[in-house]
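Student: Let's see this in three dimensions:
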Amino acid sequence: MIKNWKLFASVSIIFGPTQYIVFTAIAMFFYAGGTLVNPLSPGYYFWGNFFSDLGRVFALSGAPNFVSFTIFTITALILSFSFIPFALIFSSYFKKDKKQYLIARIGSLISLTSVVFLIVTIFTPWDLFNRTHLMFANLFNITGIVGILFFTIAVFYNNDYPNLYGFVYVALLAVAAIYTIVLISIPKSITLDGLILQASMQKISQYSFLLCFLVQGFGVWKLQKNKEIL
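Tutor: So this is what the prediction gives:
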């Protein structure tokens, strides 16, 4: 039963990001137009719109955005729930050492909290709940980074868990750090160049996040398969 649960967790964390990449691309096709600096901009401008724009009830153009909103909300919720099994089983790979297990458990608890913040972010579209949406989005990012930091430490301290997956976490943390520095450094007033920089960095950050957990899902699947062989 536990083995099946671990395999389910690995498949879940592979499926979640994959379907999100596919369906957000479809949601982009149906986006009703507009950016922060140009409400008349047609459709979805990949380098000038944010992922949150897809989850708006009304697009920045002012037009109803129900198709994009529905697709984005569903795929983002599936992504959110796909992380839960992974967070629950992750610490089980570190039970041989109490210190490593504690570090992994803390990371799992923080990551589960991060998932809750992500779900609240999804249910508070930023055109209707601007401050609430931004607050929980920031809480998701902060707790997500802290959770991944604990995962990274646990992986590097464990001899049975390949360091490769720790380095993948490190790469994601580096991208997150650069993204944070960019957000802090740019002026608060929105210009076209500033918008493109922010939106582009968000894309790089989010796709790095998705790719990281695709790799982690494969890693957990491989570890479990190797244990079954042994």
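Student: gap between the helix-or-strand element of the chain with minimal mean pLDDT and the chain center?
Tutor: Lowest mean confidence among the helices and strands of the chain (mean pLDDT, DSSP states H and E): helix 192-229, at a mean of 84. Computed by CA atoms, centre = their mean, to the nearest Å, the separation of helix 192-229 from the middle of its chain amounts to 8 Å.
Student: same for that helix, what does it pack against?
Tutor: Helices and strands touching helix 192-229, as assessed by 3 or more CB pairs under 8 Å, 6 or more residues apart in numbering; DSSP states H and E, comprise helix 2-30, helix 51-54, helix 66-90, helix 163-185. Backbone N, C-alpha and C define where each C-beta goes, glycine included.
Student: can you pull the buried residues of that helix?
Tutor: Within helix 192-229, the residues scored as buried using 16 or more other CB atoms under 10 Å are 194-195, 197-199, 201-202, 205-206, 208-210, 212-217, 219-221, 223-224.
Student: now swap in stretch 168-180 and tell me
Tutor: Within stretch 168-180, the residues that qualify as buried are 168-170, 172-173, 175-176, 179, counting by 16+ other CB under 10 Å.
Student: how far does that stretch sit from the chain's center?
Tutor: Put simply, stretch 168-180 sits 12 Å off its chain's centre (CA atoms, centre = their mean).
Student: Residues contacting it, please?
Tutor: Taking CB atoms under 8 Å, 6 or more residues apart in numbering as the criterion, the residues outside stretch 168-180 that touch it are 141, 145, 148-149, 151-152, 155, 201-202, 204-205, 208-209, 212, 215-216.
Student: Point out where this protein drops to low pLDDT.
Tutor: Scanning the chain with the threshold set as pLDDT under 70 gives 1-3, 187-189, 225-230.
Student: most neighbours per residue, which of the helices and strands packed on helix 192-229?
Tutor: Compared across the helices and strands packed on helix 192-229, helix 51-54 shows the largest average neighbour count, a mean of 22 (mean count of other CB atoms under 10 Å).
Student: Output that helix in CSV with nothing but the alpha carbons.
Tutor: Backbone C-alpha positions of helix 51-54 (Å, rounded to 0.1, in the frame of the first residue of the first chain) are rendered in CSV as follows:
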residue,chain,number,x,y,z
PHE,A,51,-0.2,34.0,-15.4
SER,A,52,-2.6,35.7,-13.0
ASP,A,53,-4.1,37.5,-16.0
LEU,A,54,-5.5,34.2,-17.2
